[in-house]
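Asker: dropping a prediction and its sequence here:
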Amino acid sequence: MLTKKLAAVLTFIERYIQDHGIAPTLDDIAASIGGTSAGNAHRAITQLVERGYVRRISGQHRGIEVIKGLKSTISAGGHFCPHCGKNLSVSIDMRAA
């Protein structure tokens, strides 16, 4: 389960990659969560890595890859609430099937 902040960061990364074809910088991520420091963005990425949602690509600028994103999850009869951070239904990750 992701916190509201981590869900927002993951959603931002997914959208940024979809729109730009590359991962965002730490400054881009920081700006997306209210202009906090790049250090806060780094901590959020570290937590997403630890939870298995993204991975870092070593030695590569903008080296973030989404492994298990919110958009890759299909909800059965409900959805993920990014505001409260709760799954409002049973979700199936199609990559695991």
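Answerer: On my side now, so go ahead.
Asker: what sits against residue 36?
Answerer: Shown in contact with residue 36 (CB atoms under 8 Å, 6 or more residues apart in numbering): residue 30. Glycine gets a C-beta too; all of them are placed from N, C-alpha and C.
Asker: for it, helix, strand, or coil?
Answerer: Secondary structure, DSSP: H, G, I helix; E, B strand; the rest coil: residue 36 is coil.
Asker: the closest residue to residue 68 other than its chain neighbours: neighbouring residues, count only.
Answerer: Spatial nearest neighbour of residue 68, chain neighbours left out: residue 53 (5.1 Å); criterion: CB to CB, 6 or more residues apart in numbering. Residues near residue 53, counting by other CB atoms under 10 Å, number 22.
Asker: host element of residue 14?
Answerer: Assigned by DSSP states H and E, residue 14 falls within helix 4-20.
Asker: buried residues, that helix. List them.
Answerer: For helix 4-20, a neighbour-count test (16 or more other CB atoms under 10 Å) marks 5, 6, 7, 8, 9, 10, 11, 12, 13, 14, 16, 17 as buried.
Asker: ok now that helix, how far from the chain's centre?
Answerer: Put simply, helix 4-20 sits 5 Å off its chain's centre (CA atoms, centre = their mean, to the nearest Å).
Asker: and if you look at stretch 35-46?
Answerer: 12 Å.
Asker: and the buried residues of helix 4-20, which two are the farthest apart?
Answerer: Comparing all pairs in those by CB to CB, the longest separation belongs to 5 and 17, at 19.0 Å.
Asker: so for the residue most central in space within the chain, what's the pLDDT?
Answerer: Nearest residue to the geometric centre of the chain (CA atoms, centre = their mean): residue 10, 1.5 Å. Residue 10 is assigned a predicted lDDT (pLDDT) of 94.
Asker: touching, it and residue 64? I think so.
Answerer: No: Residue 10 is not in contact with residue 64 according to CB atoms under 8 Å; the separation is 10.3 Å.
Asker: which residues are in contact with both of these two?
Answerer: residue 54.
Asker: how about the helices in this structure?
Answerer: 4-20, 26-32, 38-50 (DSSP state H).
Asker: in the shortest one, what's buried?
Answerer: In terms of neighbour count (16+ other CB under 10 Å), helix 26-32 has its buried residues at 26, 28, 29, 30, 32.
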